[in-house]
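K.L.:
Using only what follows, build the 3D model:
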Amino acid sequence: MFQVGEYIVYGMNGICRVEDVCKSPYDDTDPRTYYLLVPVNNPMSSTIYTPVDNERVPMRRLMTREEIEALIVAMPDIELLTVPVEKQRREVYRTSIGTLAPESYVQVIKTVHHRRLELTAAHKHFPVTDLEYGRLAKHLLYSECAHVLGLSEDGMEAYFTERVQKAE
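P.N.:
Reported below is the predicted structural model:
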């Protein structure tokens with residue numbers, strides 16, 4: 001169970017702060033315990049009430065500094081996603097990101113980058129699906145790492161590039 005004041009990753013909402021652990025604000029007869037979450041990167045967005053035992057939307061603790069460093073070392077070996085049928089690309093990206101595994105974010109980022117290079121070289125149009133999910137994966141990964149490391153999200157891509165080059 002997460003504690004009040006703790007920062008977590010909540011589904012595609014990204015980083016949220018646990019503001020409270022309470023009873024349902026909607027139904028007095030609901031016996032479940034709820035988290036009151038406040039999204040960090042979008043302070044204007046609504047608060048989120050979710051059951052502590054919610055199995056539909058994944059939640060996890062933020063990575064530690066050590067886990068981020070281990071991810072950076074592992075990045076060159078993280079393989080691209082394979083999409084057997086092009087029409088399934090959106091679902092493959094969504095499923096991968098939906099696991100909330102940082103390695104999955106990296107897989108999507110690397111896959112989108114690789115596709116951009118291939119399509120640009122072939123003078124072909126870059127699909128919106130790749131653009132959307134590439135941005136989402138970067139945002140989720142970079143915002144979490146920036147939060148943990150005390151850096152700005154804008155500088156995370158350069159930080160990763162520099163650290164991966166040093167690790168190789």
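
K.L.:
what about Met12, neighbour count?
P.N.:
14 (other CB atoms under 10 Å). Where C-beta positions appear, they are placed from N, C-alpha and C, glycine not excepted.

K.L.:
do Ile78 as well
P.N.:
17.

K.L.:
Check Leu131 too.
P.N.:
12.

K.L.:
Helix or strand for it, just tell me which one.
P.N.:
Leu131 belongs to helix 128-149 when assigned by DSSP states H and E.

K.L.:
For the lowest-mean-pLDDT helix or strand in the chain, buried residues please.
P.N.:
Lowest by mean pLDDT, DSSP states H and E among the helices and strands of the chain is helix 156-167, with a mean of 85. Residues 156, 159-160, 163 are the ones in helix 156-167 that count as buried (16 or more other CB atoms under 10 Å).

K.L.:
what do you get for stretch 21-41?
P.N.:
Applying 16+ other CB under 10 Å to stretch 21-41 flags 34-41 as buried.

K.L.:
about what we covered before: CA atoms only: put the least confident helix or strand of the chain into CSV for me.
P.N.:
Extracted C-alpha coordinates of helix 156-167, given in CSV (Å, rounded to 0.1, in the frame of the first residue of the first chain):
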residue,chain,number,x,y,z
MET,A,156,16.3,14.4,-19.9
GLU,A,157,16.9,13.4,-23.6
ALA,A,158,20.3,15.0,-23.6
TYR,A,159,21.0,13.4,-20.1
PHE,A,160,20.1,9.9,-21.4
THR,A,161,22.1,10.3,-24.6
GLU,A,162,25.2,11.4,-22.7
ARG,A,163,24.9,8.7,-20.1
VAL,A,164,24.3,5.9,-22.7
GLN,A,165,27.4,7.0,-24.6
LYS,A,166,29.4,6.9,-21.4
ALA,A,167,28.1,3.5,-20.6
